[in-house]
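Chemist: pasting the sequence and the predicted coordinates here, then a few questions.
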Amino acid sequence: MSTQPTTPTIDNDSLEDRLYTVKYDDPGDSHLDVKVPEICADCETNDCVRVCPAEVWREGEDGVPRIAYENCLECSSCRFACEYDNVVWEYPERGGGVTFKRG
Ligand code: SF4
Ligand code: SF4
């Protein structure tokens, strides 16, 4: 009789708990930016803020998002969510970036 492996659950983990399971090697420079800040200032959807699972993008008082790139999971969601194609998205330089401890 074989024993079925148990499925790990993250249902009760907070965002902070989940982010704790990833490691980020900070290359020192942000790999994220906006192309034209004035477009963000007039943007009413803030889709970059809404789709980011790691709260990297946060609404700024002037309408231009603040970017905590150190938390980025490199999922690319913000890049494709912005209807104005106003996101600068590159992989972190010098081999930096995210490492997933749980594979
Ligand atoms: S969705 Fe695009 S235009 Fe709107 S705030 Fe985010 S980056 Fe700027
Ligand atoms: S790539 Fe993903 S985790 Fe990184 S800022 Fe964009 S939406 Fe957030």
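Modeler: Received the coordinates, thanks. Ligands and ions are numbered 1, 2, ... in the order given.
Chemist: report the contact partners of the residue positioned nearest the centre of the chain.
Modeler: Among the residues of the chain, the one closest to the centroid is residue 72, at 3.7 Å (Cα atoms, centre = their mean). Residue 72 makes contact with 24, 31, 32, 54, 56, 92, 97, 98 under the criterion Cβ atoms under 8 Å, 6 or more residues apart in numbering. Using the backbone N, CA and C atoms, a C-beta is placed for each residue, glycine as well.
Chemist: how much space between it and ligand 1?
Modeler: If you measure residue 72 against ligand 1 using Cβ to the nearest ligand atom, to the nearest Å, the figure is 14 Å.
Chemist: pLDDT score assigned to that residue?
Modeler: Per-residue pLDDT puts residue 72 at 93.
Chemist: can you check residue 65 too?
Modeler: For residue 65, pLDDT reads 98.
Chemist: any idea what the residue lying closest to it once chain neighbours are set aside is bridged to?
Modeler: Distance criterion Cβ to Cβ, 6 or more residues apart in numbering; nearest residue to residue 65, sequence neighbours excluded, is residue 57 at 4.7 Å. For residue 57, the beta-bridge partners are residue 67 (DSSP bridges).
Chemist: got the contact list for residue 57?
Modeler: Residue 57 touches 46, 48, 49, 65, 66, 67, 78, counting by Cβ under 8 Å, 6+ apart.
Chemist: my guess is the fifth one meets residue 55, correct?
Modeler: Spelled out, that is residue 66. No: using Cβ atoms under 8 Å as the test, residue 66 is too far from residue 55 to be in contact (10.5 Å).
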